[in-house]
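Asks: Model the following, please.
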Amino acid sequence: MAHQRFTIPGAARRAGPLPQLCIERPATVLFSALAAASFVFMAAPGIDLAASRIFTDAAGAFHFDANPALLALRDLNRLLLPLAVGLLLAILAMHAARPEEGCSVPAHRVLFVLSVIASSGGILVPLLKAVTGRARPDAVAPFGGEAPFSAAWQLSGACARNCSFPSGEAASGASLLALIALLPARARVPALLVGVPFAMAVSLNRVAFGRHFLSDVVVAWLVTALAALLLHRFFAAHGRRIDAGVRGSAQRVRRRARRRVPRPEIAGLLFPRSPARL
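Replies: Predicted structure coming up:
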């Protein structure tokens, strides 16, 4: 079967000049967007303060963190990630152990999604948090905290652990959009129309709670999108080889293990038992 890329049918034919550029040179567009957004937030850090101030009361305290609907939205997002990872691992296990059942989702696409989730939420975001040390909005002085406010990408050191920049939950929400690669081509546009607003709501929810600045969310999204694009290129280029390597791999490992274990009669000659003591 010919290898299929993760594309939306007819997208290039219907696109205008700017969407056409996004389709033909997506890495350039994403990197330019990340650089432009970063420059804006660094040059005008007041944007972050103004965006966060929308969700504060007259005393400067964040008052949406007790809203039941917003809390439910946060909890739903936190539940979706482990569920998605568990499902993806189960599909991989089926490819490895029971390839004869013919799972319709190729293994390389499953590994692509897992890699996006792991690279954004497990590597890039924690690394940036540790390097920048940006304090969260509800901990900085403009909103009643004690830590100094710092701009995006500024090496602050105001936060020691679990810092603000960029947003881990925004990255996880964006990374879950990679699940669309597992769907049939005709279902991807409807899934995007549902998934993107949900991921944006989850991300902005963290701004409303005073747990992240707007730049934390925007940078997390763009970093995740750029990582997803680079990973997509790798898995699209090596899809057949990856599928062949995963398919039936558990059975191959089991057969090799059986060949290495000596038969009972041979084991008795190689490893004779000591005579029982009288």
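Asks: Please make it C-alpha for all contacts and neighbour counts, starting now.
Replies: OK.
Asks: Give me the below-cutoff pLDDT ranges for the stretch 151-278 of the chain.
Replies: 258-278 (pLDDT under 70).
Asks: residue ranges of the helices in it, please?
Replies: 168-175, 185-208, 214-237, 239-246, 249-260, 264-270 (DSSP state H, counting those that start in this stretch).
Asks: export those helices to a markdown table and tack on distance to residue 42 and mean neighbour count?
Replies: Shown next, in a markdown table, are those (distance: least, C-alpha to C-alpha, whole Å; neighbours: other C-alpha atoms under 10 Å):
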| stretch | distance to residue 42 | mean neighbour count |
| --- | --- | --- |
| helix 168-175 | 20 | 28 |
| helix 185-208 | 18 | 17 |
| helix 214-237 | 9 | 21 |
| helix 239-246 | 39 | 16 |
| helix 249-260 | 49 | 12 |
| helix 264-270 | 70 | 10 |
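Asks: could I get the ones you listed as JSON lines with distance to residue 79?
Replies: What follows is these, written out as JSON lines (distance: least, C-alpha to C-alpha, whole Å):
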{"stretch": "helix 168-175", "distance to residue 79": "11"}
{"stretch": "helix 185-208", "distance to residue 79": "12"}
{"stretch": "helix 214-237", "distance to residue 79": "19"}
{"stretch": "helix 239-246", "distance to residue 79": "28"}
{"stretch": "helix 249-260", "distance to residue 79": "29"}
{"stretch": "helix 264-270", "distance to residue 79": "49"}
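Asks: What distance do you get for residue 232 to residue 108?
Replies: 10 Å (C-alpha to C-alpha, to the nearest Å).
Asks: now do residue 87
Replies: Taking C-alpha to C-alpha, one finds residue 87 at 15 Å from residue 108.
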